[in-house]
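Peer 1: predicted model and sequence follow; I will ask about them next.
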Amino acid sequence: MVQTAASPGSPATIRVSTGGGFRSMGLTSPVPRSSLSHNPHSPVTGRPSSRASSGGGRYCSASKGEAEEVSSEFVQYTVHIPPTPDHPLISSEAKPGRSYISGTIFTGGFNSVTRGHVMDCSTDSPKAGKPAAAVCGMNGCDGEAFDAKPPCECGFVICKECYQECLGTGGQCPGCKEPYRDDSGDEDEDEGESKSPAGDQVLPLASMVECRLNRRLSLMKSTKVPDFDHTRWLYETKGTYGYGNAVWPKDGYGGGGGVHGFEDPPNFGEKSKRPLTRKVGVSAAILSPYRLLMVIRLVALGFFLAWRIRHPNREAMWLWGMSVTCELWFAFSWLLDQLPKLCPVNRVTDLSVLKDRFESPSLRNPKGRSDLPGVDVFVSTADPEKEPPLVTANTILSILAVDYPVEKLACYLSDDGGSLLTFEALAETASFARTWVPFCRKHNIEPRNPEAYFGQKRDFLKKKVRVDFVRERRRVKRDYDEFKVRINSLPESIRRRSDAYNAREELRAKRQQEEIGGGPAEPIKVLRATWMSDGEHWPGTWSSPGVDHSRGDHAGIIQVMLAPPSSEPVMGPEANEKSLVDTTGVDTRLPMLVYVSREKRPGYDHNKKAGAMNSLVRASAIMSNGPFVLNLDCDHYIHNSMALREGMCFMLDRGGDRICYVQFPQRFDGIDPSDRYANHNTVFFDVSMRALDGLQGPMYVGTGCIFRRIALYGFSPPRATEHVGWFGRRKIKLLLRKPTMGKKHELDEETMLPPTRDDEEAEGDVESQLLPKRFGSSSTLVASIPVAEYQGRLLQELQGVRHGRPAGSLVIPREPLDAAIVAEAISVISCFYEDKTEWGRRVGWIYGSVTEDVVTGYRMHNRGWRSVYCVTKRDAFRGTAPINLTDRLHQVLRWATGSVEIFFSRNNALFASRRMKFLQRVAYFNVGMYPFTSIFLLVYCTLPAISLFSGKFIVQSLSVMFLTFLLVITTTLCLLAILEIRWSGITLHDWWRNEQFWLIGGTSAHPAAVLQGLLKVIAGVDISFTLTSKPASDDNDDAFADLYVVKWSFLMVPPITIMMVNMIAIAVGVVRTVYSEFPQWSKLLGGVFFSFWVLCHLYPFAKGLMGRRGRVPTIVFVWSGLLSIIISLMWSQSQFTVQPYTPIRDKTFKNMAMSASLLSSLLCNCCEVRRSI
């Protein structure tokens, strides 16, 4: 049965019967799903698509404890009749008011009803809008018409821009086809002619053509236009001579269009024709010597190792064997690290071209609305105690104020702990954003993190010309200080509120017990719940954990803090009591902001951060479905408001459809000036990552990365290249646009996941039948995949683009949210949704490793995707890093453990596909191999001490050949470092700090990572890590106070032991040589030199143990001192028991025993001093 109802002033409503069964939530959007049905170029046009829930659950709307089940047998569709000249719109868009979705918190999960709880929220939309106005009657234009009467007597409504365009093309009215009548006189008529675009056009000369038309030769017309540069045209288009360097006739010899039948010269100065990005190679004056030095050092290492193997030390074969084994491994490790650095590149973007191409008026986009694709920003947090809510709030504020089309941006906060503290902090952030975001847009504030902006120590008046800036900055600063007070007082406020409500519940329970007649001695059990501000139980984690309300057992929660904005700018009012900033002429819209806490239940593996990210991918696909995703940690804020545009330049340029993600470098605030523990990690981010950008692309490092959504879904790129033969020298290009219709084993392979097809034959396709198996049971999620693929395509007008989208196809306003959509989003973040799907295996973030970021990027490169490294002039993102020694070591331990897991898994680069380049495979193989270097490094750092104790050396004698090899290897290493500094832009201090921490981590965290990885692989022992604490900003405390805090950790024992053993060995070696009858100074110098090399690298570690005032834990001295003394005495005793008795030996033994006793007494005195302090 079909029922229709229509009225002249309202859209037609069509009600279609489904024939029984539950298909709809009963709540539909008042605006059609434009991204699915209104786009004629969409790949899903004409296909039936519904927003029906596929989970089979119920939807209930509850308010203040009341629940009402809503069920319907009908599906409602709303059809909007487009405006026409005969039926123009009576009114424009309604003013944004309070939204039901943004004022409702949705919860649900396993075996539970999805509920919507209406709550009081302080984040209502501002009541502002533009008055209604008549719309232009021209086809494809929706501009405002003339305020006065129409210019033509027929009454045809037209806007000013279209009217001027009609005057320039003949002056005929589009309605009556008659010329416009101008009553203003001849002066206005002459003025109108002077403004015509045809009057300003420069006509080319045609004298040569008119004189030589009778010649049957190749005709060429001289344009005499000074703006046309033939050299530039020939260079930019790479054209051959005879095409591109002349203006040819269109049809035959001068019979075509244009002036005198000849084509006008192309305007290559137009920015929309230029590329969005440029690859800038490293200067050959630097790169060629760099590669030559690599070859020289490799050859020198080969000759040196061959010489070492052919000249063993017969006096100490065991010492020679250990040293040669370590040196062979070090050479192999250096080669793995150096090979991917052969082709470093730099890249630059042109943001002006991006604006002209996607945000300028055109035939398909008359109003110049933004045609950029949507971006969904993911922010993850898990523990408000270790990740302070104020840090997260500042990150959210920097995202909301980013310079990107507001209607194309959506921000999602994943609270994996389900904390009410994070929830209410986000609500306060949404409220403060109404002041902060317009202030940033009006005065072009950088950075747009309020804590970072107000904490700057530079002149804030620089480049600020508005007279009201100082006054408004003072007001916003005062409001931000109050905002910080509210955020910091939230824990106490929540505790007091919960105690008050719990006391009320206890009183109520006592009254009910007295009414029933129970005795006062009977205990009363009342749940110690956590309460929201509107008097309802918090559905997430309680302060006192209870059933269904603990950290690992709570319902899924979705709250839209800020509803999706309107498609038209909303200008703000003047400054008043409610508005601290005069926002006249400033767009006050805010992007959509959503709080998400996925469901957690006992017995399910939630897969830590990777599982939280996959939940955000599914929820965002249903609610906003941006074709690109930006992933940020809660402490990494946007430092450059143009960062998203910089990333979009790579995604939307030619060849951008093969890019799976754009990785930005990580930069950090709050690092001590000396960077004691190499927290900036500039050698990795500025050397290794730039070098990988010249191959297949940089690795994914966990944050500051823009993804292509379909790449996260596990699809292959539209084109790929297979590298076969030795070192992948032979290339085979593949077109992967069509799905694979092969055997079953082919469909099971990861590389066989194809992108969405353009035709409409996918319904009977095998791949379409496998979509529910891959992505789950949500039909809405599956239906969003082709939409995201289509919106992320390149423009058709780009040269060489086969499957593109037309310009202006993304200017259609986004549909508003409704309760059915949010209820569907609740179902996809449930704990059981990923069962029997490929989420975490081939789709989304990959599970099974502590370093899920590296594995996820590796899988994408393995399918043939490319990635890009985007280094901006102004840092795109900035975050915090642990400056405490113990926290830094635990961070490195987590990374190294993930690398060991990768090495022992199927993600090892040895099993990579042929779509990955050889050098890219070497780089990924090195990621899994580098922790094992620590085993050889531990041995090699103890060899100098063993050499000094025994009086032997790794070579039989310090010959000239050995010293020559040593000099060449060391010199080439230093020269390579200098050239790396030149082409990467790092400093010598950064390089040296990286070398020092390489040895510190290699002797502390990396051996522990190898041990933990082996235990997991062999014995199945699970590895658990705690979150790295994020420092909260406090103006009263020392900014680097955490640098001097010494926290005991078992990771400190090996480096301390190595330091003390080497120091004792130097003393023993000096004493032995001085009191020896035949002193061997060469061996002493060799051992002392290598011991000094070890101690220099461990100096930052020793300095960190001293703290601010030399306060070192007693246990550190006890363990390390005892181990060093025991090893020294055992070695001395073994040496003296073998040698015959001599007076010199007895004197030497007494001196060593005295030294050991002095050291023991010194150790005891240190312990006493420590105990007294």
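Peer 2: All right, it came through fine.

Peer 1: so residue 525, which of the three states?
Peer 2: With DSSP: H, G, I helix; E, B strand; the rest coil as the basis, residue 525 sits in coil.

Peer 1: against residue 664, how distant is it?
Peer 2: According to CB to CB, to the nearest Å, residue 525 stands 53 Å off from residue 664. C-beta here means a position set from N, CA and C on the backbone, and glycine is covered the same way.

Peer 1: those two: who's more crowded?
Peer 2: Legend: neighbour count by other CB atoms under 10 Å for residue 525 and residue 664, higher for residue 664 (28 against 7).

Peer 1: retrieve the pLDDT associated with the more buried one.
Peer 2: At residue 664, the model reports a pLDDT of 96.

Peer 1: ok, now residue 437?
Peer 2: 95.

Peer 1: residue 732 belongs to a strand, doesn't it?
Peer 2: Yes: counting by three-state DSSP, residue 732 falls inside a strand.

Peer 1: neighbours of it, how many?
Peer 2: Residues near residue 732, counting by other CB under 10 Å: 12.

Peer 1: who's in contact with it?
Peer 2: Going by CB atoms under 8 Å, 6 or more residues apart in numbering, residue 732 touches 721-722, 724.

Peer 1: also residue 502?
Peer 2: Listed by CB under 8 Å, 6+ apart, the contact partners of residue 502 are 526-529, 531.

Peer 1: try it again at 6 Å.
Peer 2: Residue 502 makes contact with residue 528, according to CB atoms under 6 Å, 6 or more residues apart in numbering.

Peer 1: report the secondary structure state of it.
Peer 2: Under three-state DSSP, the three-state class of residue 502 is helix.

Peer 1: any idea how far it lies from residue 852?
Peer 2: Taking CB to CB, one finds residue 502 at 39 Å from residue 852.

Peer 1: over to residue 531?
Peer 2: Residue 531 is 36 Å from residue 852, where distance means CB to CB.

Peer 1: and the two? Which one has more around it.
Peer 2: residue 852 (24 against 20).

Peer 1: tell me, how many residues neighbour the residue lying closest to residue 406 once chain neighbours are set aside?
Peer 2: Leaving out its chain neighbours, the residue that sits closest to residue 406 by CB to CB, 6 or more residues apart in numbering is residue 589, at 4.5 Å. The tally of other residues near residue 589 (other CB under 10 Å) stands at 24.

Peer 1: what do you get for residue 973?
Peer 2: Residue 973: 14 surrounding residues under other CB under 10 Å.

Peer 1: quick one: residues contacting residue 457.
Peer 2: Taking CB under 6 Å, 6+ apart as the definition of contact, residue 457 has no neighbours.

Peer 1: gap between it and residue 641?
Peer 2: Counting by CB to CB, the gap from residue 457 to residue 641 is 21 Å.

Peer 1: likewise for residue 396?
Peer 2: Taken as CB to CB, the span from residue 396 to residue 641 is 14 Å.

Peer 1: the more surrounded of the two?
Peer 2: residue 396 (25 against 21).

Peer 1: who's in contact with that one?
Peer 2: Residue 396 makes contact with residue 429 under the criterion CB under 6 Å, 6+ apart.

Peer 1: now do the same for it: helix, strand or coil?
Peer 2: Assigned with three-state DSSP, residue 396 falls in the helix class.

Peer 1: now swap in the one 3 residues further on and tell me
Peer 2: Applying three-state DSSP to residue 399 yields a three-state assignment of helix.

Peer 1: now do the strands in the stretch 601-750 of the chain.
Peer 2: Under the criterion DSSP state E, counting those that start in this stretch, the stretch 601-750 of the chain contains strands at 628-633, 637-638, 659-663, 667-669, 705-708, 719-724, 730-735.

Peer 1: again with the stretch 301-450 of the chain
Peer 2: Under DSSP E, counting those that start in this stretch, the stretch 301-450 of the chain gives strands at 345-349, 375-381, 409-415.

Peer 1: could you dump those into CSV with mean neighbour count added?
Peer 2: Formatted as CSV, these follow (neighbours: other CB atoms under 10 Å):
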stretch, mean neighbour count
strand 345-349, 17
strand 375-381, 26
strand 409-415, 26
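
Peer 1: of the ones you listed, which is nearest residue 656?
Peer 2: Closest to residue 656 of these, according to CB to CB: strand 345-349, at 11.7 Å.

Peer 1: ok, residues contacting that closest one?
Peer 2: With contact meaning CB under 6 Å, 6+ apart, strand 345-349 is reached by 277-281, 646, 649, 693-694.

Peer 1: that one: partners in the sheet, and parallel or antiparallel?
Peer 2: Partners of strand 345-349 in the sheet, by DSSP bridges, are strand 277-281 (antiparallel).

Peer 1: before we move on, the earlier item: ranking the contacts of residue 732 by neighbours, who comes first?
Peer 2: Using other CB under 10 Å as the neighbour criterion, residue 721 leads those with 18 neighbours.

Peer 1: tell me how far residue 1016 lies from residue 610.
Peer 2: To residue 610, residue 1016 is 17 Å away according to CB to CB.

Peer 1: neighbour count: these two, which is higher?
Peer 2: Shown here are residue 1016 and residue 610; by other CB under 10 Å, residue 610 has more neighbours (22 against 17).
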